[in-house]
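> Quick one, fold the following:
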Amino acid sequence: MDTREVLRPYKKQRLGFEGVLVDVMEPNRRNGHTYGLVFGSIYAPNENIELDHAVIQMDIADFKKAKLNLYTRYYFTAEITSYYKATNIMGVIAQRENFMLQNISILKLREMPDSNITQPTMYVMKRIHNIMLCKGKLRHTEEELIKTVFHTPNDGSVERFINECTGSYQQVSMNKHNMEEILYT
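Next up, the predicted model:
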């Protein structure tokens, strides 16, 4: 279980990060009516910390002001904070401290065309590994995917490529409710 232990020394501090916006979760009741910004290939150059991904909440007004674009690399500052999650440790349920990023400063958020991190990142390698675990006939070898990553501009295009590739291997299961919703709307 990834607790992001590398962030522990920076708890309650604000650090500068770069990351590629790979998804945006829409506001709903469950997420407190905030957007969930999913950043991949996250790197804090001053601390030399790399994270696979992070989901950072942003209120609706700031989101509209920020005018973010998917698969764009951004520089941002965020606070390191912790939360506790129940986990099974040797058969005993215990609360485990996990670390996360929150409170992006809208004033420091900006596009960052040049990256301080080289490809393939943890984010990209994890997705390549997941593709290799897929059942059935694979359209790419691991070497082919890594070669493509090396020859793709490191401006968010790598994350777009790997997400599209990962998506092409995902199987979608539908239940009766989903099928009725598609048919009758």
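> And the helices in the protein?
60-66, 122-132, 142-150, 157-169, 176-184 (DSSP state H).
> Columns mean neighbour count on top of those helices, output as CSV?
The C-beta positions use only the backbone N, C-alpha and C, and glycine is treated the same way. Formatted as CSV, those follow (neighbours: other Cβ atoms under 10 Å):
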stretch, mean neighbour count
helix 60-66, 13
helix 122-132, 18
helix 142-150, 15
helix 157-169, 18
helix 176-184, 9
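> which one of these lies closest to residue 111?
With Cβ to Cβ, the closest approach to residue 111 among those belongs to helix 60-66: 10.6 Å.
> Only alpha carbons, please: show the closest one as PDB.
Taking C-alpha atoms only, helix 60-66 is exported to PDB below (Å, rounded to 0.1, in the frame of the first residue of the first chain):
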ATOM      1  CA  ILE A  60     -15.500  25.300  -8.400                       C
ATOM      2  CA  ALA A  61     -14.600  29.000  -8.600                       C
ATOM      3  CA  ASP A  62     -10.900  28.400  -8.600                       C
ATOM      4  CA  PHE A  63     -11.300  25.600 -11.200                       C
ATOM      5  CA  LYS A  64     -13.100  28.000 -13.500                       C
ATOM      6  CA  LYS A  65     -10.500  30.700 -13.000                       C
ATOM      7  CA  ALA A  66      -7.600  28.300 -13.600                       C
END
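> Counting residues, name the longest strand you see in the chain.
Determined from DSSP state E, the single longest strand within the chain is strand 73-89.
> circling back to that earlier point, indicate which one of the helices of the chain is closest to residue 5.
Among the helices of the chain, the nearest to residue 5 by Cβ to Cβ is helix 122-132 (14.2 Å).
> now the angle from the closest one to helix 142-150?
With axes from the mean of the first three to the mean of the last three Cα atoms, to 10 degrees defining the directions, helix 122-132 sits at 150 degrees from helix 142-150.
> can you list contacts of helix 122-132?
Identification of contacts with helix 122-132 by Cβ atoms under 8 Å, 6 or more residues apart in numbering yields 20, 22, 40-42, 50-53, 120, 138, 140, 142, 145-146, 149, 158-159, 162-163, 165-166, 169.
> Dump it to PDB, restricted to CA.
What follows is helix 122-132, C-alpha atoms only, in PDB (Å, rounded to 0.1, in the frame of the first residue of the first chain):
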ATOM      1  CA  MET A 122       6.800   6.200 -12.100                       C
ATOM      2  CA  TYR A 123       3.300   7.000 -13.500                       C
ATOM      3  CA  VAL A 124       4.200   5.800 -17.000                       C
ATOM      4  CA  MET A 125       6.100   2.700 -15.800                       C
ATOM      5  CA  LYS A 126       3.200   1.600 -13.600                       C
ATOM      6  CA  ARG A 127       0.700   1.800 -16.500                       C
ATOM      7  CA  ILE A 128       3.100  -0.100 -18.800                       C
ATOM      8  CA  HIS A 129       3.400  -2.800 -16.100                       C
ATOM      9  CA  ASN A 130      -0.400  -2.900 -15.800                       C
ATOM     10  CA  ILE A 131      -0.800  -3.300 -19.600                       C
ATOM     11  CA  MET A 132       1.700  -6.200 -19.500                       C
END
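> Cool, thanks, talk later.
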